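> The sequence isn't on hand, but the structure is:
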């Protein structure tokens, strides 16, 4: 009996019918119980059963934004990133090398996407954009990640989810106190005598406030301004000191424009990560997986070919290649979600535990999408979040 008489279609016909790639169909077969018939080495699908399965799984497995006529629309996606934060330079690499577009093309060969990139000066701006729905995927520092979950407690229509981590360093290395050359600082208590700036609602401000707590009640007033303004203030001697994240401390050293303190860290690991909104992720699973595949590819380039990565990043950010090279080799580029990492972010607040996905101190992390991306790239699978306490010395993602 022929395949036509049995109402069967081939793998290629199924790909054309659904408008997705072979790897996507294989993943649906593996993870979503997509019914199929295997005759020898060939895979077939019953078209009527395929349509029923698709109808039952549309909300979960097919991006809600995909139009019925894929050639007539360009699907918009906005990615938020911060080119002025070195620990998130993987997003810059994804943007400059079109890695996200390449992965989307592999998954959706018959659809077109319009990728917009929102370059913010601080993470809280991207959190606000995610709440408004104008940014779908965002790179954030550890403190803004925590803030996104605090907003999730207040706003029932916005539920933040941590998808993967990005650049990491131990003991807060990567955030330093920078002072102008003429500022006299021998001890933390000397800070009461100087004007000091940093970015509001940021990882740097959190560490600055913790540092100032050791002084007592005589806290100097904190000037809230972005990193560019703070660096100019140091160079032009308009402010005494600032708490900055990379690449700014390294630039101060490179140009010999000031003095850098706490180069070995300001306590607690410094973490950055990829955050999105839960409902959007559920409705756009394939897009999320495509971005995480690009994220993993960017990490591989940063780890294995830092000189090439540095040239691309230097052209995009304007930071000298020498400085970029020094910074990226000091960062652990690792997307894996560890209990240690969630515990670090959990220290920023005291939200009670709840059991949505994997949750530590109010931090909702779902690494299912990351596991799918890892599987498609044929990398070693990760164990459960609960099994990952300390950073692996061998395995990096």
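Structure's in. What do you need? None of the values given here were measured: they were computed from a predicted structure.
> Please enumerate the strands of the stretch 251-397 of the chain.
Under the criterion DSSP state E, counting those that start in this stretch, the stretch 251-397 of the chain contains strands at 258-261, 270-277, 332-333, 358-360, 363-365.
> Determine which stretch of those is the most buried.
Per residue and on average, the most neighbours among these fall to strand 270-277, with a mean of 26 (mean count of other Cβ atoms under 10 Å). Any C-beta I mention is one placed from the backbone N, CA and C, and that applies to glycine too.
> who does it pair up with?
In the sheet, strand 270-277 lines up against strand 137-141 (antiparallel), strand 160-169 (antiparallel) (DSSP bridges).
> out of the strands of the stretch 251-397 of the chain, nearest to residue 295?
strand 270-277 (6.4 Å; Cβ to Cβ).
> Give me the contacts around the closest one.
Strand 270-277 is contacted from outside by 85, 87-88, 130, 133, 136-142, 145, 148, 158-169, 172-175, 203, 245, 288, 291-292, 295, 335, 341, 344-345, using Cβ atoms under 8 Å, 6 or more residues apart in numbering.
> Quick one: distance of that strand to the chain centre.
Offset of strand 270-277 from its chain centre (Cα atoms, centre = their mean, to the nearest Å): 4 Å.
> before we move on, the earlier item: deepest of the strands paired with strand 270-277, which one?
Compared across the strands paired with strand 270-277, strand 137-141 shows the largest average neighbour count, a mean of 30 (mean count of other Cβ under 10 Å).
> Determine the number of other residues adjacent to residue 204.
By other Cβ atoms under 10 Å, the residues close to residue 204 number 29.
> ok, it to residue 327 distance?
For residue 204, the distance to residue 327 equals 16 Å [Cβ to Cβ, to the nearest Å].
> what angle do the helix or strand harbouring residue 103 and strand 137-141 make?
Residue 103 is part of helix 99-107, with elements assigned from DSSP states H and E. Counting by axes from the mean of the first three to the mean of the last three Cα atoms, to 10 degrees, helix 99-107 lies at 140 degrees to strand 137-141.
> For residue 168, give its distance to residue 245.
13 Å.
> shared neighbours, these two?
Between them, residue 168 and residue 245 share these contacting residues under Cβ under 8 Å, 6+ apart: 87, 270.
> can you list the domain ranges for this protein.
8-61, 74-170+270-387, 175-261 (automatic domain parsing).
> Now residue 106: closest residue in space that isn't a chain neighbour?
residue 21 (5.3 Å; Cβ to Cβ, 6 or more residues apart in numbering).
> With residue 142 instead?
Closest residue to residue 142 apart from its sequence neighbours, by Cβ to Cβ, 6+ apart: residue 271 at 4.3 Å.
> Please list all residues in contact with the closest residue to residue 181 other than its chain neighbours.
In this structure, residue 181 finds its nearest non-sequential neighbour in residue 258, 5.7 Å apart by Cβ to Cβ, 6+ apart. Listed by Cβ under 8 Å, 6+ apart, the contact partners of residue 258 are 178-181, 234-235, 252.
> what ranges do the helices span in the stretch 101-250 of the chain?
Using DSSP state H, counting those that start in this stretch, the helices of the stretch 101-250 of the chain run over 123-132, 142-154, 203-213, 227-235, 248-254.
> scratch that, the stretch 251-397 of the chain
278-283, 285-304, 306-317, 321-328, 339-346, 368-376.
> In the first one, which of the residues would be classed as buried?
Of the residues in helix 278-283, those with enough neighbours to count as buried (16 or more other Cβ atoms under 10 Å) are 278, 280-281, 283.
> TSV for these, including distance to residue 213 and pLDDT?
Shown next, in TSV, are these (distance: Cβ to Cβ, whole Å; pLDDT from 0 to 100):
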residue	distance to residue 213	pLDDT
278	34	93
280	38	94
281	37	93
283	43	88
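> contacting residues around the residue nearest to residue 49 when sequence neighbours are not counted?
For residue 49, ignoring the flanking residues on the chain, the nearest one in space by Cβ to Cβ, 6+ apart is residue 35 at 5.2 Å. Counting by Cβ under 8 Å, 6+ apart, residue 35 touches 45-46, 49-50, 53.
> Put the buried members of those residues into a ChimeraX selection.
The ChimeraX selection below is limited to those of the contacts of residue 35 classed as buried (16+ other Cβ under 10 Å):
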select :45,46,50,53
